[in-house]
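1. 3D, please:
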Amino acid sequence: MTKDSTPEPLAGDASAGGMFPATGWHLSKTPLEAATTELEWALLRWREAFTRYNLHALNMIGLPEVSPAEMLILHIIRLHDRPKSATMIANLLNRDDIQNVQYSLRKLVSMGLAEKVRDKAGKYNNLAATARGRQACDDMAAIRTQLLIADVAQLDNGEELLLQAARTVSMLTGLYDSAGRTSTGYTIIESPVKS
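-> I've put the predicted structure just below:
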């Protein structure tokens, strides 16, 4: 109840400013919070499904020892078939855990999927895909075409939907990165959780 004894609108009630899911989440007190929560949880579920799909595909091509994250790094190395530095690879994946990226790069090199190559000035080592690495990327692309793209093609306006979703997620990535940077300037909230 509000101060004037008027009942508070329920989640999902049109009087609450529009319909939104009645989730019961502590994260969803307004329609915008509910929509944000729905998207976050959809993306988390998508990430898990994406990881499982890649694990199965890596097993299909005989690389069960390669993690999905390492395969993504190999795809980035292969991008445009141009050697890349560890920093560039991390930036393209929006990762700031450079030590973990470097560990994955060493593993890909030790498996013969990537190799170190000197830049034109001969100063720095970059990474390039080997013939075996390019074949692994091509095999993953073939599986993707056969098992995933064929189904995605059945969606009405699938290409338009995917491009709009990609733009939206890219925009939100910037907002989350900005919120994360901004949070470093805030005082830590006093909470009984800490004690």
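
2. centroid-nearest residue for the chain?
-> By C-alpha atoms, centre = their mean, the chain has its centre lying nearest to Arg47, at 6.6 Å.

3. which phi and psi does that residue have?
-> phi -60, psi -40 (degrees, to the nearest 10).

4. now do the contacts for it.
-> Taking C-beta atoms under 8 Å, 6 or more residues apart in numbering, we find Arg47 in contact with no residue. The way it works is simple: take the backbone N, C-alpha and C, and place the C-beta from them, glycine included.

5. start at 54, not 1
-> In the new numbering, first residue 54, that becomes Arg100.

6. pLDDT wise, what is it at?
-> Note on Arg100: pLDDT of 96.

7. so how far is Ala122 from it?
-> For Arg100, the distance to Ala122 equals 11 Å [C-beta to C-beta, to the nearest Å].

8. doesn't Asn179 belong to a strand?
-> Yes. Counting by DSSP: H, G, I helix; E, B strand; the rest coil, Asn179 is found in a strand.

9. what is the burial count for the closest residue to it other than its chain neighbours?
-> Residue nearest to Asn179 in three dimensions, not counting chain neighbours: Pro136, with 3.7 Å by C-beta to C-beta, 6 or more residues apart in numbering. If you count neighbours by other C-beta atoms under 10 Å, Pro136 ends up with 20.
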